[in-house]
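Asks: sequence and predicted structure below; questions after.
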Amino acid sequence: MAWNGLVDRYRDRLPVGDAPAVTLLEGNTPLIEAPRLATALGLGEDGLDVRVLLKYEGLNPTGSFKDRGMCVAMTVAVARGATAVICASTGNTSAAAAAYAARAGLRAFVIVPEGNIALGKLSQAVIHGATVLAVDGNFDDAYRVVSGVAELRDVTVVNSINPDRLQGQKTAAFEICEVLDAAPDYHFLPVGNAGNISAYWMGYREYNEAGFSAGLPRMMGFQAAGAAPIVEGHPVADPSTLASAIRIGNPVSWKKAEAARDESGGVIEAVTDDEILEAYSLLASSEGVFAEPASAASVAGLRKLAQEGRIDEKTTVVCTLTGHGLKDPDNAIAVCPAPLRVSADVDKALVAMGL
Ligand code: AN7
């Protein structure tokens, strides 16, 4: 059956009425078995028998999970007669907003922290025709500007304060339940503005209440240690992490994320940048799946809990990989050895390859 995007597939569960969809055929992303990763984390052997799967959201049209939310937010905005949208962003939201605004014929304004967004994401925002403002400050500063502008002018905010965003993002949980025929036992994901963890929890609960999926997962959120306001219990004035997507000091959906954690019996904890980078490399080299550093926070969290003996045996674990690795190739180049330089000669190549 042809896939025609989220609104076509889930219209009756989305706040879109009969509005025409603004879509780039987002969603329907693969849920990839990760047996080598499970073994590397000590979960696949020793009788633990834990099944690890990767929800690869990097395969959405603009390369991140934000497309789900933007599809619904933009569909609703157009139906209400909006002419312009605005967001603050660490990169992926701006890429998705710019693309979906182009698709819908709306103006897009995006405000980013200067020098702190990955080049791939910036390239998307500009090529799709958004007006990009780079502010001297971090995401939280950029978001304050967005809120101020939206108070004064008729522009629709498409950050996750907009409830239509979370409605779209909850569909990833639906897809997982459909593939597994039940909810997983644990769901790991990175936490920045804390919208996605809240959206997944909403999706899992909704499918469960509708009788479509048995069980509910424990929601396992991971912030970067230098940008971990929810873990520390207070906003972080100067968040810092190389995982630029989640460099956020005062998350918009803080309370919702805490509710998801508490209602599901989950956790929100921190992983260091070193742990994120190790998980980033391990994921790519063990499974052939390339996700950006922020995404690898989910795998880093799983690795940490596995090491601490906190994953129950014979369970199913899903890690969301929120964004594609190609968004931010500089980090891959930085953590890996440089290509071996050889002259174009078979014998020299054999020596270099150790064959
Ligand atoms: C790859 O683009 O906030 O906890 O402005 O890009 O729902 O915020 C991005 C967030 C995880 C965190 N992984 O999700 C933005 C922005 C990636 C991301 C997150 C983001 P939330």
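Replies: Arrived safely. Residues are numbered from 1 along each chain as shown.

Asks: so what touches stretch 79-89?
Replies: For stretch 79-89, the surrounding residues in contact (CB atoms under 8 Å, 6 or more residues apart in numbering) are 16-17, 19-20, 73-74, 77, 93-95, 97, 101, 106-112, 117, 121, 125, 139, 142-143, 145-146, 149-150, 154-159. For glycine as for every other residue, the C-beta is placed from the backbone atoms N, C-alpha and C.

Asks: of those residues, just the buried ones, ChimeraX syntax please.
Replies: To isolate the buried subset of these in ChimeraX, counting by 16 or more other CB atoms under 10 Å, use the following:
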select :16,19,73,74,77,93,94,95,97,101,106,108,109,110,111,112,117,121,125,139,142,143,145,146,149,150,155,156,157,158,159
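
Asks: what does the stretch 251-355 of the chain have sitting close to the ligand?
Replies: Within the stretch 251-355 of the chain, the residues that sit near the ligand (CB under 6 Å from any ligand atom) are 292, 294-295, 322-323.

Asks: now those residues as JSON lines including neighbour count, distance to Met202 and secondary structure?
Replies: Listed next are these as JSON lines, based on neighbours: other CB atoms under 10 Å; distance: CB to CB, whole Å; DSSP: H, G, I helix; E, B strand; the rest coil:
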{"residue": "Glu292", "neighbour count": "32", "distance to Met202": "24", "secondary structure": "coil"}
{"residue": "Ala294", "neighbour count": "32", "distance to Met202": "21", "secondary structure": "helix"}
{"residue": "Ser295", "neighbour count": "36", "distance to Met202": "21", "secondary structure": "helix"}
{"residue": "Thr322", "neighbour count": "29", "distance to Met202": "17", "secondary structure": "coil"}
{"residue": "Gly323", "neighbour count": "30", "distance to Met202": "21", "secondary structure": "strand"}
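
Asks: so can I have CSV of those residues showing distance to Gly301?
Replies: Converted to CSV, those look like this (distance: CB to CB, whole Å):
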residue, distance to Gly301
Glu292, 15
Ala294, 12
Ser295, 11
Thr322, 13
Gly323, 16
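
Asks: circling back: near the ligand too, which of the contacts of stretch 79-89?
Replies: Near the ligand, by the rule CB under 6 Å from any ligand atom, you find Thr93 out of the contacts of stretch 79-89.

Asks: mind listing which of the contacts of stretch 79-89 are in strands?
Replies: Members of the contacts of stretch 79-89 lying in strands (criterion: DSSP state E): 107-112, 156-157.

Asks: now for those: which two are most distant?
Replies: Comparing every pair within the ones in strands among the contacts of stretch 79-89 by CB to CB identifies Val112 and Thr156 as the most remote, at 18.2 Å.

Asks: these two touch, right, Lys121 and Asn92?
Replies: Yes: in this structure Lys121 lies within contact range of Asn92 using CB atoms under 8 Å: 5.9 Å.

Asks: which residues do the two both contact?
Replies: Common neighbours of Lys121 and Asn92, using CB under 8 Å, 6+ apart, are Lys327.

Asks: what distance separates the start and the end of stretch 241-251?
Replies: By CA to CA, to the nearest Å, the extent of stretch 241-251 from end to end equals 15 Å.

Asks: gap between that stretch and the chain center?
Replies: The chain centroid and the centroid of stretch 241-251 are separated by 12 Å under CA atoms, centre = their mean, to the nearest Å.
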